[in-house]
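Undergrad: Fold the following.
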Amino acid sequence: MPGGRLTQQERQQIAAGVADGLAYAEIARRLDRPTSTVTREVMRNGGPGAYRADLAHRATERRTHQRRQAAPQGPQASPQTQGRDAEAVREYEETFTTLLMQSGLPKMMSRVLTCLYTTDAGSLTASELVQHLQVSPASVSKAITFLENQGLVRRERDERRRERYVVDNDVWYQSMIASARSNAQLSETARKGVGILGADSPAAARLENIARFLDFVGESITRAAEQAREVLYTKPDAASGGAAGPSSER
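TA: Sure thing, here's the model as predicted:
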């Protein structure tokens, strides 16, 4: 399997595949590359509607040059990469960011959230985010405000009275519960349509089926989230491959 960075020829093949409407997995198979590589490449270079091979290639060269110029040395190395394979960490961060973007988060918000999740402390100051992401303080401030409004991060003061941005494990539980509530609201709205359109109409039958489906999914999400919530606070067992299931004690 080819390794290293994508070549210009590979980017041209990706562009052709995207233009033909091929799935990322199929494009990756033809290139003998991981699907995540193709997904990340397209998403960080304009998305499927704006991806261009030549522009993507130049943008990658520019980002590489900027990283080399900005790369901290010695004791100033990023907490994420200190003692680790810096290139592997960077690739992983880009993959995680791409997946967050696919779930609907804007790019900068996805980058900030990835940065917070991949730091051992689970929290960073604004200046640390600015240094690691090589963006302006205003960009970080805007991203944090958005993420805070979504309940994905919170603010706290450290012993030096600096404001830190923190990600909590419970965010994932709260996100699942919010999804269940959203399903419940959609179900309620669908059922209102049943009465308005007439219970015997095809449209009403369709809406009733949608409501029943959303009820089932929402209830399943809530039940599963409640049962698995403690997993978020359980130390992974290396001997069992990191899989830790719910138990009767927290």
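
Undergrad: Where does the residue most central in space within the chain sit: helix, strand or coil?
TA: Centroid-nearest residue in the chain: residue 100, 1.8 Å away (criterion: CA atoms, centre = their mean). Recorded secondary structure, residue 100: helix (DSSP: H, G, I helix; E, B strand; the rest coil).

Undergrad: Return the per-residue confidence for it.
TA: Looking at residue 100, its pLDDT is 85.

Undergrad: could you measure it against residue 182, distance?
TA: 18 Å (CB to CB, to the nearest Å). No exception for glycine: its C-beta is placed from N, CA and C like everyone else's.

Undergrad: thought residue 108 was touching residue 143?
TA: Yes. Counting by CB atoms under 8 Å, residue 108 does reach residue 143; the two are 4.7 Å apart.

Undergrad: More neighbours: which of those two?
TA: residue 143 (25 against 18; other CB atoms under 10 Å).

Undergrad: Distance check, that one against residue 136.
TA: 11 Å.

Undergrad: Dump the C-alpha coordinates for stretch 127-147 into PDB.
TA: Output of stretch 127-147 as PDB, limited to C-alpha atoms (Å, rounded to 0.1, in the frame of the first residue of the first chain):
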ATOM      1  CA  SER A 127      -2.800  31.200  23.900                       C
ATOM      2  CA  GLU A 128      -2.100  27.500  23.800                       C
ATOM      3  CA  LEU A 129      -4.800  27.000  21.200                       C
ATOM      4  CA  VAL A 130      -3.500  29.900  19.200                       C
ATOM      5  CA  GLN A 131       0.000  28.500  19.300                       C
ATOM      6  CA  HIS A 132      -0.900  25.000  18.400                       C
ATOM      7  CA  LEU A 133      -3.400  25.800  15.700                       C
ATOM      8  CA  GLN A 134      -1.500  28.800  14.300                       C
ATOM      9  CA  VAL A 135      -4.600  30.900  14.100                       C
ATOM     10  CA  SER A 136      -5.600  34.300  15.500                       C
ATOM     11  CA  PRO A 137      -7.000  34.800  19.000                       C
ATOM     12  CA  ALA A 138     -10.200  36.100  17.500                       C
ATOM     13  CA  SER A 139     -10.700  32.800  15.600                       C
ATOM     14  CA  VAL A 140     -10.200  30.800  18.800                       C
ATOM     15  CA  SER A 141     -12.600  33.100  20.800                       C
ATOM     16  CA  LYS A 142     -15.300  32.700  18.100                       C
ATOM     17  CA  ALA A 143     -14.900  28.900  18.100                       C
ATOM     18  CA  ILE A 144     -15.000  28.600  21.900                       C
ATOM     19  CA  THR A 145     -18.100  30.700  22.100                       C
ATOM     20  CA  PHE A 146     -19.800  28.500  19.500                       C
ATOM     21  CA  LEU A 147     -18.700  25.300  21.300                       C
END
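
Undergrad: Give the buried residues for it.
TA: 128-130, 132-133, 140, 143-144, 146-147 (16 or more other CB atoms under 10 Å).

Undergrad: Where does pLDDT dip in this protein?
TA: Residue ranges of the chain with pLDDT under 70: 1-4, 63-83, 236-250.

Undergrad: again, 50 this time
TA: 1, 73-77, 238-239, 248-250 (pLDDT under 50).

Undergrad: can you list the domains in it?
TA: The chain breaks down by automatic domain parsing into domains covering 8-70, 85-166, 170-240.

Undergrad: what about residue 109, how many neighbours?
TA: Neighbours of residue 109 (other CB under 10 Å): 22.

Undergrad: What is the burial count for the residue nearest to residue 215 when sequence neighbours are not counted?
TA: Spatial nearest neighbour of residue 215, chain neighbours left out: residue 187 (5.1 Å); criterion: CB to CB, 6 or more residues apart in numbering. Residues contacting residue 187 under the criterion other CB under 10 Å number 21.
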